[in-house]
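Visitor: I'd like to go over a predicted model; first the sequence, then the structure.
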Amino acid sequence: MLKADLDATDWKILRELQADGRMTNVELSQRVGISAPPCLRRVKRLEAAGVIRGYRALLNAPALGFDVVAFCLVGLHHQSEAELKEFAERTRAWPIVREAWMVSGDSDFLLHCVAADLGAFQSFVIEALTSTPNVDTVRTALTIRQVKDEGVAAI
């Protein structure tokens, strides 16, 4: 994907939407200093270009009963393209895995997991993850507390 050609106003729009994606176009236009119609055109252009991938609600996991956040570093026995794709596809079927990244280094994948409790997370690791074909190693890290939660782009 080519890097988007953005001007200062586009960056202002992205910064504001990253902070609050629910604001109206009128409020957004006021915050970035342009009128509403060109602001909406810019947002639509950023969406069409794939710069803005979508919008979603950010949920409070503990308020919903999900008290465990953990990361799993997974190493595979074999790393052929087909085997990497197969494991990546498996991660999509595991509801406990909220994000999955293919990584370089000692591991092949980094999984961000959210579970109701430690027992549910342990069951996932033992019954699903470590028993998956081609999985060689699994290292887990339970989180203590989140200390930063920002949007993707530092703008």
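Guide: Looks like it arrived, so ask away. Residues are numbered from 1 along each chain as shown.

Visitor: Poorly predicted segments of this protein, please.
Guide: Where the chain drops to pLDDT under 70, the residues are 1-2, 153-155.

Visitor: Got the domain ranges for it?
Guide: Domain assignment for the chain by automatic domain parsing gives 8-48, 62-142.

Visitor: now V68, nearest residue through space, not along the chain?
Guide: Once flanking residues are discounted, V68 sits nearest to A115: 4.4 Å by CB to CB, 6 or more residues apart in numbering. C-betas here are computed from N, CA, C, even on glycine.

Visitor: ok, now how distant is that neighbour from E86?
Guide: As judged by CB to CB, to the nearest Å, A115 and E86 stand 24 Å apart.

Visitor: Likewise for L59?
Guide: Look at L59 and E86: by CB to CB, they are 30 Å apart.

Visitor: who has more neighbours, these two?
Guide: Counting neighbours by other CB atoms under 10 Å for L59 and for E86 shows that E86 has the greater number, 14 against 10.

Visitor: residue contacts, the more buried one?
Guide: By CB atoms under 8 Å, 6 or more residues apart in numbering, E86 lies in contact with N134.

Visitor: What of A49?
Guide: Taking CB under 8 Å, 6+ apart, we find A49 in contact with A4.

Visitor: and L110, how many residues sit next to it?
Guide: By other CB under 10 Å, 16 other residues sit near L110.

Visitor: Isn't it up against A88?
Guide: No: counting by CB atoms under 8 Å, L110 does not reach A88; the two are 11.8 Å apart.

Visitor: Enumerate every residue touching the residue sitting furthest away from the middle of the chain.
Guide: Ranked by distance from the centre of the chain (CA atoms, centre = their mean), the top residue is S35, with 32.0 Å. By CB under 8 Å, 6+ apart, S35 lies in contact with S29.
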